[in-house]
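K.L.:
please work out how this folds:
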Amino acid sequence: MKKLKYILALMTVSILMMGCERSIDPGDWNILPEREIEDPQTPGDEEEGITFKVMSMNMALGTNAANFQPMLEYIKEYDPDLLLLRQVDSATTRANKIDRPQVVADSMGMYVFFKKNFDYQTGGFGNAVLSKFPIKETYARY
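P.N.:
Model prediction:
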């Protein structure tokens, strides 16, 4: 019985060591899949392409009023066609009662739909969708 336990322990250690031969850190972007990379098409090769830029930003990272302006400048620099703001304050005390989704929309010339998830301080906390194209219909659950 002792020999069986010893053999099982030895097999377990061997299997674990073989399994740890090569591990890849999920943050290591230098390791690429082995495949041939195609040459990208340049505009005008076949037909003119249309770009549609989408940006998603978690606004909870900048909950104080001092961080809002740098976030707004960052959004302006990217100039998205569709912008999704997650965890955004609208007219809350910590946002100096500024309707942040509306301010972003006004400064970017976009249409806005804000869905308040819950009341917070003097305003609301939720998510917003901003679009350079008219928003024809909205639906929010809850």
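
K.L.:
okay, CA-based contacts and neighbour counts for the rest of this
P.N.:
Will do.

K.L.:
note down every partner strand of the helix or strand hosting residue 126 and its orientation.
P.N.:
Following DSSP states H and E, one finds residue 126 within strand 123-131. Sheet pairing of strand 123-131 (DSSP bridges) gives strand 82-90 (antiparallel), strand 111-120 (antiparallel).

K.L.:
need those in a markdown table (columns: distance to residue 130 and mean neighbour count).
P.N.:
Shown next, in a markdown table, are those (distance: least, CA to CA, whole Å; neighbours: other CA atoms under 10 Å):
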| stretch | distance to residue 130 | mean neighbour count |
| --- | --- | --- |
| strand 82-90 | 5 | 23 |
| strand 111-120 | 4 | 18 |
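
K.L.:
report the rounded mean pLDDT for the strand holding residue 126.
P.N.:
Mean pLDDT, strand 123-131: 91.

K.L.:
convert the C-alpha atoms of it to CSV, please.
P.N.:
Output of strand 123-131 as CSV, limited to C-alpha atoms (Å, rounded to 0.1, in the frame of the first residue of the first chain):
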residue,chain,number,x,y,z
GLY,A,123,-29.3,63.1,-9.5
GLY,A,124,-28.8,59.7,-11.1
PHE,A,125,-26.2,57.0,-11.8
GLY,A,126,-26.4,54.9,-14.9
ASN,A,127,-25.3,54.3,-18.5
ALA,A,128,-25.5,56.5,-21.6
VAL,A,129,-25.4,55.9,-25.3
LEU,A,130,-24.3,58.8,-27.5
SER,A,131,-24.5,58.9,-31.2
